[in-house]
Each structure stands twice: as C-alpha cells, then as structure tokens.
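Pasting the sequence and the predicted coordinates here, then a few questions.
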Amino acid sequence: MSTSVEEHLAHNTAPIDDMSAQMAQQWAAIRRLEAQVERLAGLVLAIGEDGPSPARDDMPPPHY
C-alpha cells in the first residue's frame with residue numbers, strides 16, 4: 001500500500017510544482033497591477049485638483 005501512495009505522490013509532484021510557480025507569477029503580476037492602479041489613481045486625483053479654472057470655462061471656444 002505504501003508503494004501506491006508513493007506512486008501517487010510522485011505522479012502529482014510535477015503538476016503541483018507547476019501550479020505553485022504559476023501562482024507565484026500571478027501574485028507578482030497582481031502586485032505590479034496594484035502599484036500601477038495606485039499611481040494612476042494619484043494622477044487622476046492630481047489632475048482633478050489642478051482642473052480647469054472657472055475663468056477658462058467662461059471663455060468661448062477658439063473658433064468663435
């Protein structure tokens with residue numbers, strides 16, 4: 001019976017290692033994407049704070 005367990009374990013070791021490597025790559029990608037989202041959110045907030053002044057909104061478009 002122990003031979004059967006050892007065979008089962010040996011058969012599943014490679015797929016488990018592959019899945020573990022894929023998960024590690026996915027977590028690294030998630031961390032990079034989270035950092036990008038935070039940077040972009042900061043840029044959006046900065047643009048919102050530096051938005052157009054009220055005087056510019058009152059001016060007619062250049063084609064008038």
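Noted; the coordinates are in hand.

Which residue lies nearest the spatial centre of the protein?
Ranked by distance to the mean C-alpha position of the chain (Cα atoms, centre = their mean), the top residue is Leu33 at 2.2 Å.

so that residue is in which element?
If you go by DSSP states H and E, Leu33 is part of helix 2-49.

quick one: average confidence on that helix?
What helix 2-49 shows for mean pLDDT is 94.

Now do that helix: distance to the chain's middle.
Distance of helix 2-49 from its chain centroid, counting by Cα atoms, centre = their mean, to the nearest Å, is 10 Å.

Count the neighbours of Pro62 for me.
5 (other Cβ atoms under 10 Å). Quick note: C-beta positions are derived from backbone N, CA and C, even for glycine.

let me redo that: Ile47
Neighbour number of Ile47 under other Cβ under 10 Å is 9.

so how far is Leu9 from it?
Ile47 is 56 Å from Leu9, where distance means Cβ to Cβ, to the nearest Å.

again with Glu49
59 Å.

More neighbours: which of the two?
Using other Cβ under 10 Å as the criterion, Glu49 and Leu9 rank with Leu9 on top: 10 against 7.

what about Pro62, helix or strand, and which?
Taking DSSP H and E as the definition, Pro62 sits outside all helices and strands.

got the phi/psi numbers for it?
Here is the backbone geometry of Pro62 (degrees, to the nearest 10): phi -60, psi -20.

One more: Met59?
Backbone torsions of Met59, given as degrees, to the nearest 10, read phi -80, psi 140.

what's around it, how many residues?
As a burial measure, Met59 scores 8 neighbours (other Cβ under 10 Å).
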